[in-house]
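Student: Predicted coordinates and the sequence they were generated for:
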Amino acid sequence: MIKVFEELVDIIKYIEETLPNGGIVLLVGDLASGKTTLVQNFVKMLGLKDEATSPTFSILNIYDDKVYHYDIYNEGSDKFMQSGLLENLELEGYHFIEWADEKLEALMQATGFEFMKIEIEHRGKNRAYKVSHGS
């Protein structure tokens, strides 16, 4: 089932309602499409004290031990899998992975991880959030 949202607040509410106890969210979109912005607003909505920033160079930022924010743009999914970060996905909390690709999605399916995939597209000055689920 695929759902499309036009508003950031609606997709954030959907994530929280669909994954109330945490889970894996694969984020797909062009450069500057709003992947980090989505995570920043999600962290604010949870009322966490940490401020979300892009983990482009650190690969992983953790916010109040509740939100794990990965950016695999520089390293790619192969390095993500080899680095041991895949084991982190078993930790309780929300796991947002920016720049997820088909390889990572296939691995999630092969290993039985349930996940939500959000594709972010620009539509003029607005964005569209296309959501699908996998396991």
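Tutor: The structure has been received and is ready for your questions. Numbering: from 1, shown residues only.
Student: any idea how far Glu121 is from Ala128?
Tutor: 5 Å (CB to CB, to the nearest Å). To be clear about C-beta, it is placed using only N, CA and C from the backbone, and glycine gets the same treatment.
Student: Kindly list the single helix or strand of this structure that scores lowest on mean pLDDT.
Tutor: Lowest mean confidence among the helices and strands of the chain (mean pLDDT, DSSP states H and E): helix 76-82, at a mean of 77.
Student: Output it as PDB - backbone C-alpha positions only.
Tutor: Extracted in PDB, the C-alpha atoms of helix 76-82 (Å, rounded to 0.1, in the frame of the first residue of the first chain):
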ATOM      1  CA  GLY A  76      26.900   3.700   0.600                       C
ATOM      2  CA  SER A  77      24.900   0.800   1.700                       C
ATOM      3  CA  ASP A  78      27.800  -1.700   1.300                       C
ATOM      4  CA  LYS A  79      29.900   0.200   3.900                       C
ATOM      5  CA  PHE A  80      26.800   0.500   6.200                       C
ATOM      6  CA  MET A  81      26.400  -3.200   6.200                       C
ATOM      7  CA  GLN A  82      30.100  -3.900   6.700                       C
END
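Student: And the contacts of the very next helix or strand once past it?
Tutor: Next helix or strand after helix 76-82 toward the C-terminus (DSSP states H and E): strand 93-98. With contacts defined as CB atoms under 8 Å, 6 or more residues apart in numbering, strand 93-98 is touched by 15, 19, 22-27, 35-36, 38-39, 42, 54-55, 65-73, 80, 88-89, 104.
Student: how does it look with 7 Å?
Tutor: With CB atoms under 7 Å, 6 or more residues apart in numbering as the test, strand 93-98 has contacts from 19, 22-27, 35-36, 39, 65-73, 89, 104.
Student: related to what we said a few turns ago, I'd like the distance from the least confident helix or strand of the chain to the chain centre, please.
Tutor: From the chain centre to the centre of helix 76-82 is a distance of 16 Å (CA atoms, centre = their mean, to the nearest Å).
Student: Enumerate the positions of that helix that are buried.
Tutor: Residues 77, 80-81 are the ones in helix 76-82 that count as buried (16 or more other CB atoms under 10 Å).
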